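In: Give the three-dimensional model of this entry:
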Amino acid sequence: MQQLEVQSDLTVVGGGLAGICAAIGAARQGSTVALVQNRPVLGGNSSSEVRVWVCGATAHGAQSFARETGIMGELFVENQFRNPLGNPYYWDLVLLEAVRAESRITLYLNTDVRSVDAADGEIRSVTGWQMGSEKEIRFVSPVFVDASGDGLVGMLAGAEYRTGREPRSEYDESWAPDVPDSNTLGSTILFYSKDAGEPVRFVPPSFARDVTETAIPERRVIRTDMNGCAFWWIEWGGELDVVDDNEAIRDELQAVVYGIWDYIKNSGRFDADNLTLEWIGSVPGKREYRRFLGDHVLTQHDVLEQTEFEDRVAFGGWSIDLHPPGGVYASEQGSKHWHPDGNYHIPLRSLYSRNVRNLWMAGRNISASHVAFGTTRVMATCAVLGEAAGIGAAVALRNGLTPRELAHDHFGLMRHALTRADGSVLGVLDDDPANLALTATVSASSTLTRPALEVSSGTLPLDTDLGMVVPVDPALDGFELLVDSTGGSLTVELHDPVKPQNYLPAELIDSCTVDVPAGEKRWVHVPLAWRPANPSNVFVVLRKTPDISVHTASTALPGTVHFAHREPAADEEWTEQFRAWKHILPRAGLCIRLGETSAYAPDKVVGGYARPYGGPNLWSSEELAWDPKPWLELTWTEPVELAEIVVVLDVDVQEDLINLHHHRTPFEALPTLLAEYDLEIRNGEGPWQTIARVTDNHHRTQHHHLETPTHATHLRLTAHKTNGTPRAHVVSLRAYRPAQ
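Out: Below is the predicted model of the structure:
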């Protein structure tokens with residue numbers, strides 16, 4: 001047996017999405033990282049071993065403009081480009097290549113950490129056994145991230161934690177039980193089937209469960225076209241200890257899977273003669289175990305009230321999604337959901353141990369109550385928490401700070417690092433003094449100042465209320481709609497969503513009723529106005545009427561989104577507003593003429609927010625048919641020394657991407673992205689010098705490093721081609737001097 005010692009700045013234990021993003025986030029800050037994973041592949045529950053969809057703040061499209069950016073966003077976009085069919089093995093490759101691309105990360109697969117050396121509230125090392133190579137490896141570093149899911153490292157280090165469900169009295173959470181218990185969400189094993197092209201019989205094993213003796217056929221949806229995570233409800237073990245009883249839980253879940261397959265194949269209720277099992281999982285996908293205690297415990301109230309933490313470092317948007325402890329054998333529904341009105345914030349204080357001073361947490365083991373955990377546990381949210389923990393660990397280490405000191409006394413360091421890394425965070429301005437663009441003036445060849453969609457692609461009857469969100473900057477002074485009318489009137493309302501990340505009607509601003517004479521393709525003026533104190537979105541409601549249809553367009557304006565209203569069914573006990581307003585017209589819109597706006601002005605690319613938040617927060621040119629080579633320019637009054645230019649582009653975070661394709665997205669590169677552009681600089685009246693030329697781009701963020709730092713007074717980006725959208729979009733243009 002070989003005994004090795006590995007020294008690095010940071011040791012990350014766990015190679016799921018939280019651990020991957022923690023390692024990459026820290027490495028990009030300059031830290032050396034040992035990434036330790038106890039499985040042969042990366043990805044945790046999302047890997048080809050388990051095959052769970054990577055869900056997150058979009059909540060399968062329930063939330064608007066909610067898709068994650070940062071490292072998780074990069075993984076989504078890269079997977080969409082490489083893996084349009086949702087192949088689980090290609091997803092494994094996307095993750096492996098992302099880790100291998102970082103030279104500061106050393107990856108240790110098949111390495112199971114089993115012991116921790118800790119004393120006086122500090123971890124000194126962790127030791128793991130690398131299966132196959134028969135090596136015992138001791139990992140020594142000043143800082144550790146427990147992204148193991150189950151939280152073994154933190155537990156062995158003495159970090160305070162909880163399992164099970166707190167009583168309602170502890171945090172006054174309406175969804176907590178009156179009496180605390182040890183129940184958790186259970187584990188799941190999934191399966192894939194395929195058409196063999198000829199009859200294939202199935203002889204069930206002796207241990208297969210007879211599902212006809214359970215509530216499964218009546219309580220759960222079973223179809224022959226379902227695969228993988230469509231069977232998320234094959235869950236069990238919540239009334240056991242999901243770690244101590246892992247082997248028994250696996251055996252029971254496999255018995256259930258074979259029982260369901262026997263029911264599909266042999267009950268005579270399905271057209272399944274040619275179907276055969278293609279894959280069945282052997283590793284239970286765990287949902288819940290230890291939750292460590294940090295300086296802040298995230299609660300139901302923080303999620304639903306969308307608490308605006310000063311030290312926010314990540315966001316979520318999935319519902320509070322809790323399952324019955326009995327899992328697949330429960331008589332009630334497999335889950336209940338409570339969505340916040342929009343994305344909620346997660347603070348840095350929930351990502352480190354309150355009593356082990358060099359331990360960070362990332363993923364499903366962060367400091368949250370059981371109820372709040374019901375939303376933070378989904379993997380894309382775990383990933384953005386991982387990136388925040390990795391960046392936080394690196395920044396604190398570089399500045400000689402404990403996690404608590406970084407969160408309480410020096411959070412500005414974290415905020416600047418997170419925004420420079422394009423982290424997935426809401427409502428955080430880029431005020432980093434290292435960004436020289438903040439001192440420049442911005443101009444452009446053209447700007448979308450009077451947005452309009454005037455070419456009809458069809459009509460939509462107002463047989464239900466319709467809603468649309470449009471940006472208001474600085475004011476809305478009426479607008480026009482293209483309609484067909486049999487004679488009658490149209491009632492229109494303006495609503496304030498109140499929070500910048502929300503896209504639902506919250507407070508009525510004004511309303512009016514407009515008479516519409518009979519006729520087709522009539523432009524109707526709606527004389528409603530609003531001047532908010534800050535750039536905002538407004539939710540426009542068109543009340544249903546049998547007399548009028550509105551015309552639709554085949555494209556959408558940046559930052560707009562459209563809804564139809566539906567009444568909830570009588571049995572929907574947990575119906576929130578998002579269920580009443582459902583997204584419609586994906587990638588399309590209503591024919592509308594808006595008045596003059598600054599919502600797409602060039603100066604949006606400097607400072608501000610790097611994603612939709614109270615508006616689209618991007619520059620948009622006029623249509624390329626009018627301005628075929630649009631450009632955007634930064635100008636300084638005195639020369640500045642440039643070493644790095646960062647271009648952040650529009651990946652349309654309204655588009656709901658997913659790794660294994662719960663749904664398909666019809667393109668490999670996001671149409672809103674610039675596919676080709678040039679960067680040029682010049683100093684004073686000197687000639688323009690090309691410093692970068694990008695082609696075939698499918699990425700959101702491009703870093704351009706100058707081989708030799710150069711003085712310049714002008715920086716220009718010229719767009720040559722998009723991936724499909726009719727205008728050029730840029731979210732942020734940043735410029736940095738040489739590192740000190």
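In: Flag the shaky bits of the stretch 501-650 of the chain, pLDDT-wise.
Out: Counting by pLDDT under 70, the stretch 501-650 of the chain shows low-confidence ranges at 569-578.
In: got the contact list for the closest residue to His720 other than its chain neighbours?
Out: Distances taken as CB to CB, 6 or more residues apart in numbering put Glu676 closest to His720, at 4.0 Å, once the chain neighbours are dropped. Where C-beta positions appear, they are placed from N, C-alpha and C, glycine not excepted. By CB atoms under 8 Å, 6 or more residues apart in numbering, Glu676 lies in contact with Val694, Thr695, Asp696, Asn697, Ala719, His720, Lys721.
In: Which of these sits closest to Phe292?
Out: Phe292 lies nearest to Asn697 out of the contacts of Glu676, by CB to CB, at 40.1 Å.
In: For that closest one, which non-adjacent residue is closest in space?
Out: Nearest non-adjacent residue to Asn697, counting by CB to CB, 6+ apart: Ala675, 5.3 Å away.
In: Okay, now the unreliable bits of this protein?
Out: In the chain (pLDDT under 70), the answer is 569-578.
In: Could you break it into its assigned domains?
Out: As assigned by automatic domain parsing, the chain contains the domains 2-165+293-420, 187-280, 436-447+600-736, 452-594.
In: ranking the ones you listed by burial, who's on top?
Out: Stretch with highest mean neighbour count among these: domain 2-165+293-420 (a mean of 22; mean count of other CB atoms under 10 Å).
In: what about it, how long is it end to end?
Out: Length of domain 2-165+293-420, first residue to last, CA to CA, to the nearest Å: 42 Å.
In: Could you report the separation of Phe410 from Val395?
Out: Quick fix: residue 410 reads His, not Phe. 9 Å (CB to CB, to the nearest Å).
In: Now for those two: what residues contact both?
Out: Residues touching both His410 and Val395 (CB under 8 Å, 6+ apart): Leu401.
In: three-state assignment of Ile264?
Out: What DSSP: H, G, I helix; E, B strand; the rest coil gives for Ile264 is helix.
In: surely it meets Met226?
Out: No - look at Ile264 against Met226 with CB atoms under 8 Å: they stay out of range, at 9.5 Å.
In: Could you pull out the helices in the stretch 351-500 of the chain for me?
Out: All helices of the stretch 351-500 of the chain, identified by DSSP state H, counting those that start in this stretch, fall at 370-376, 379-398, 403-408, 411-420.
In: Report the angle between the second one and helix 411-420.
Out: What separates the directions of helix 379-398 and helix 411-420 is an angle of 130 degrees, with axes from the mean of the first three to the mean of the last three CA atoms, to 10 degrees.
In: Walking through the protein, point out its helices one by one.
Out: Listed in chain order, the helices of the chain (DSSP state H) span 17-28, 70-82, 88-100, 152-156, 168-171, 216-219, 246-266, 300-304, 370-376, 379-398, 403-408, 411-420, 577-580.
In: For Asn365, see how far away Asn683 is.
Out: Using CB to CB, one gets 52 Å for the distance from Asn683 to Asn365.
In: same question, Ala692
Out: According to CB to CB, Ala692 stands 41 Å off from Asn365.
In: circling back to that earlier point, I'd like the helices of the chain laid out as CSV, including distance to Ala625.
Out: Output for the helices of the chain, formatted as CSV (distance: least, CB to CB, whole Å):
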stretch, distance to Ala625
helix 17-28, 39
helix 70-82, 27
helix 88-100, 36
helix 152-156, 58
helix 168-171, 56
helix 216-219, 55
helix 246-266, 53
helix 300-304, 45
helix 370-376, 44
helix 379-398, 37
helix 403-408, 50
helix 411-420, 35
helix 577-580, 37
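In: what separates the closest residue to Gly61 other than its chain neighbours from Glu68, distance-wise?
Out: Once flanking residues are discounted, Gly61 sits nearest to Asp656: 4.6 Å by CB to CB, 6+ apart. According to CB to CB, Asp656 and Glu68 sit 11 Å apart.
In: now do Leu557
Out: 23 Å.
In: Against Tyr600, how distant is the residue nearest to Ser47 when sequence neighbours are not counted?
Out: Leaving aside its chain neighbours, Ser47 sits nearest to Val41 (4.8 Å; criterion: CB to CB, 6+ apart). Look at Val41 and Tyr600: by CB to CB, they are 43 Å apart.
In: Is it possible to get the domains of the chain out as CSV so that each row also shows distance to Val428?
Out: Below are the domains of the chain laid out as CSV (distance: least, CB to CB, whole Å):
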stretch, distance to Val428
domain 2-165+293-420, 6
domain 187-280, 32
domain 436-447+600-736, 7
domain 452-594, 12
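In: Please tell me I have it right and the residue nearest to Ser47 contacts Arg51.
Out: No - Val41 is not in contact with Arg51 according to CB under 8 Å; the separation is 11.3 Å.
In: biggest strand in this protein, by residue count?
Out: Taking DSSP state E as the criterion, the chain has its longest strand at strand 701-722.
In: tell me the angle of it relative to helix 70-82?
Out: 40 degrees.
In: now the angle from strand 701-722 to helix 17-28?
Out: Using the same axes, to 10 degrees: strand 701-722 against helix 17-28 is 100 degrees.
In: picking that back up, distance to Asp652 for the helices of the stretch 351-500 of the chain - can I get that in TSV?
Out: Shown next, in TSV, are these (distance: least, CB to CB, whole Å):
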stretch	distance to Asp652
helix 370-376	24
helix 379-398	16
helix 403-408	33
helix 411-420	20
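In: and Asp547, which of those is closest to it?
Out: Closest to Asp547 of these is helix 370-376 (CB to CB; 42.4 Å).
In: who touches that closest one?
Out: By CB under 8 Å, 6+ apart, the surrounding residues in contact with helix 370-376 are 162, 164-166, 171, 173, 175-176, 184-185, 288, 291, 297-300, 302-303, 316-322, 340, 344, 346, 364, 366, 368, 381-382, 385.
In: If we use 7 Å, what do you get?
Out: Contacts to helix 370-376, defined as CB atoms under 7 Å, 6 or more residues apart in numbering, come from residues 164-166, 173, 175-176, 288, 291, 298-300, 302-303, 316, 318-322, 346, 364, 366, 368.
In: Strands of the stretch 451-600 of the chain, residue ranges please.
Out: All strands of the stretch 451-600 of the chain, identified by DSSP state E, counting those that start in this stretch, fall at 452-453, 458-461, 466-472, 476-485, 488-496, 507-516, 519-530, 536-542, 548-553, 561-565, 581-584, 589-590, 592-594.
In: Figure out which of these is closest to Leu93.
Out: Of all the strands of the stretch 451-600 of the chain, strand 581-584 sits nearest to Leu93, with 31.4 Å by CB to CB.
In: hmm, back to that, columns distance to Leu107 on top of the strands of the stretch 451-600 of the chain, output as TSV?
Out: Output for these, formatted as TSV (distance: least, CB to CB, whole Å):
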stretch	distance to Leu107
strand 452-453	48
strand 458-461	51
strand 466-472	43
strand 476-485	52
strand 488-496	49
strand 507-516	51
strand 519-530	53
strand 536-542	43
strand 548-553	48
strand 561-565	40
strand 581-584	39
strand 589-590	45
strand 592-594	50
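In: nearest to Val640, of the ones you listed?
Out: strand 466-472 (31.4 Å).
In: pull the CA atoms of the closest one into PDB?
Out: The C-alpha coordinates for strand 466-472 follow below in PDB (Å, rounded to 0.1, in the frame of the first residue of the first chain):
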ATOM      1  CA  LEU A 466     -53.000  37.700 -21.200                       C
ATOM      2  CA  GLY A 467     -50.000  39.200 -19.500                       C
ATOM      3  CA  MET A 468     -46.700  40.700 -20.800                       C
ATOM      4  CA  VAL A 469     -43.700  42.100 -19.100                       C
ATOM      5  CA  VAL A 470     -41.900  45.000 -20.700                       C
ATOM      6  CA  PRO A 471     -39.000  47.200 -19.500                       C
ATOM      7  CA  VAL A 472     -39.700  50.800 -18.400                       C
END
